[in-house]
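**Student:** whatever this is, show me its structure:
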Amino acid sequence: MQEQDRAGSPSPGAAPLDATVIVVGAGLSGLMAARELRRRDIDVLVLESADRVGGRAMGVTTSLGSRLDLGGQWIGADHHRISALAAELGLTQYGMHAEWMPHIIDRGRKISLLSPGALSAGAALAVVALLSRSGATERWNGVTLESWLRRVPGRTARRILEVIALTSWTADLDRYSIHAMLRMVRMQGGMRTMLSAANGAQDSLLVEGVGAIIDRLADELGPRVLTGQRVAEIGRDGSVVIVRTASRAFRAARVIVTAPPPVARRIVHDPPLPAHRHALERDTHMGSVYKAVAVFERPFWRDRARAEFFILDRPGRLVVDSTAPGGPGHLCMLASGPEARALDGLTAEERREILLAPLVPHLGGRIIDPVEWHERAWHLDEHVGGGYVVVPDPGTTAGIMPHAHLPVGNVHWAGAETASEHPGYLEGAIQSGERAAREVAAALPSPGAALTSRFDKK
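**Tutor:** Modelled structure (predicted):
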């Protein structure tokens, strides 16, 4: 490929480019950026380090023909971009089979929402909701969530809050500040919205899975998406960017980096990044999350109970019924933080036993014998680094969402954490990809302008 102008035709006399724009990362944000650029007739190339596309989204087809997501899956009630995209691609959205609050299970028994522990936890969540509406929370940026939880009276109340916090943010609670938490709650519409299914952040799913969105976007881009191309270095000057992988160097007029900062810090920049960008990559880390989906011929548990639980027994976890209408039964489980990592040393059979056996008294004996068991420990994925979101280190400010995304020369930044609406969610990934594409399109040189680089002299 040669350098192309906005109409897609080569510029006379210009140095050859592999693409006008290179996108680093083939997650939802990167694919959306590339799609938007192609729709503007701008030549684009997507480089992905893994051997698959999707980033923190990953679809699987079961032996029963159903689709499930081992990565991001939920569409919030006000997540309009992903709903519109799913409809455009011909996918089917359906509401969660859930009520406003999961059952709470402690040592095998259900806890009444009117019990002292549950009421105390509810009062603490109400305080969090109230504080999140205040913009003056910076004074708690050096105070960790773990230290705050130690002050909550009652073992049960503390444990309820701990499991809710772990499953909501996937962060080790001794590495997550009160300020970062409150800022996130405020940006996501409040505590109730974050924890709710109907009319909340877990409002609906796709029959075909979010993985189908990824597949269709990648199919649309075709050979413009290259997997197995880990970017090691980005060299920039005022006109051309050289993007180097282990196997070759690529040339472009502009680059969009969509990898989350803790992953992007593996990339060497020449010249070095400015201090604010370096701080963002240095002072953040990825959360830890393990996800499993048990597949059954049908959701038999609905004959006796709804399958929606916060399990306080270790590993603390969220269990939800993610079955599509008329489809095989899907039971989804999420464990996060250190309790997710504690599962790493076990076999798949041991993990399945630990996670499913406690559900027998509530859902029946058949729950321990699924047709299939699918699982993913995202913190063990070297290309993604963890999930769901990027976590700022306590006492630092660069990683508080939304992340700053001011271009550095001709390198631009995207990714779910840079979104001004719903950062960290699939909705935010779409917004950030589209925003970066518009930003790049506006910054490209006029048609016919020759592009030269200091690298041409090397």
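
**Student:** return the helix or strand in the chain with minimum mean pLDDT.
**Tutor:** Considering only helices and strands, the least confidently modelled element of the chain by mean pLDDT, DSSP states H and E is helix 191-195, at a mean of 82.

**Student:** which strands or helices does that one pack on?
**Tutor:** For helix 191-195, the contact count by 3 or more C-beta pairs under 8 Å, 6 or more residues apart in numbering; DSSP states H and E identifies helix 116-132, helix 155-169 as packing neighbours. (Each C-beta comes from the backbone N, C-alpha and C, glycine too.)

**Student:** let me know the pLDDT of residue 359.
**Tutor:** Reading off the confidence values, residue 359 has pLDDT 96.

**Student:** mind listing what it touches?
**Tutor:** Applying C-beta atoms under 8 Å, 6 or more residues apart in numbering, one finds that residue 359 lies in contact with 307, 309, 319, 367, 368.

**Student:** part of a helix, is residue 335?
**Tutor:** No: when classified by DSSP: H, G, I helix; E, B strand; the rest coil, residue 335 is found to be strand rather than part of a helix.

**Student:** does it touch residue 315 like I think?
**Tutor:** Yes: assessed by C-beta atoms under 8 Å, residue 335 is found in contact with residue 315 at 4.4 Å.

**Student:** tell me which element residue 399 is part of?
**Tutor:** Secondary structure here is read from DSSP states H and E; on that basis residue 399 sits in neither a helix nor a strand.

**Student:** what are the phi and psi values at it?
**Tutor:** As for residue 399, its main-chain torsions (degrees, to the nearest 10) stand at phi -90, psi 0.

**Student:** how many neighbouring residues does it have?
**Tutor:** For residue 399, the tally of surrounding residues (other C-beta atoms under 10 Å) stands at 25.

**Student:** what are the phi and psi values at the residue nearest to it when sequence neighbours are not counted?
**Tutor:** With C-beta to C-beta, 6 or more residues apart in numbering as the criterion, residue 399 has its nearest non-adjacent residue at 3.0 Å, and that residue is residue 392. Dihedral angles of residue 392 (phi, psi; degrees, to the nearest 10) stand at phi -80, psi 140.

**Student:** is residue 392 in contact with residue 180, as I believe?
**Tutor:** Yes: at 5.1 Å, residue 392 and residue 180 qualify as touching, with contact defined as C-beta under 8 Å.

**Student:** re the thing from before, what's the next secondary structure element after the least confident helix or strand of the chain?
**Tutor:** Next in line after helix 191-195, if elements are assigned by DSSP H and E, sits strand 204-206.

**Student:** ok, residues contacting that next one?
**Tutor:** Under the criterion C-beta under 8 Å, 6+ apart, external residues in contact with strand 204-206 comprise 69, 73-75, 77, 86, 91-96, 212-213, 322, 324.

**Student:** need the overlap of contacts for residue 392 and residue 180.
**Tutor:** A shared contact of residue 392 and residue 180, defined by C-beta under 8 Å, 6+ apart, is any residue touching both; here these are 399, 400, 401.

**Student:** tell me the contacts of the first one?
**Tutor:** So that's residue 399. Applying C-beta under 8 Å, 6+ apart, one finds that residue 399 lies in contact with 180, 261, 280, 283, 284, 390, 391, 392, 393.

**Student:** per-residue confidence for it?
**Tutor:** For residue 399, the model assigns a pLDDT of 95.

**Student:** so where's this structure shaky on pLDDT?
**Tutor:** 1-15, 446-458 (pLDDT under 70).

**Student:** cutoff 80 now
**Tutor:** Low-confidence segments of the chain, defined by pLDDT under 80, are located at 1-16, 99-101, 135, 238, 445-458.

**Student:** which residues does the residue nearest to residue 399 contact?
**Tutor:** Shown in contact with residue 392 (C-beta under 8 Å, 6+ apart): 177, 180, 283, 284, 398, 399, 400, 401.

**Student:** cool, residue 187 as well?
**Tutor:** Neighbouring residues of residue 187 by C-beta under 8 Å, 6+ apart: 401, 402, 422, 423.

**Student:** measure it to residue 210 for me?
**Tutor:** The spacing between residue 187 and residue 210, counted by C-beta to C-beta, to the nearest Å, is 21 Å.

**Student:** what is the subsequent helix or strand relative to the helix or strand where residue 310 lies?
**Tutor:** Element membership of residue 310 [criterion: DSSP H and E] is strand 309-311. Beyond strand 309-311 on the C-terminal side, the first helix or strand identified by DSSP H and E is strand 317-321.

**Student:** since that was my last question, I'll sign off now.
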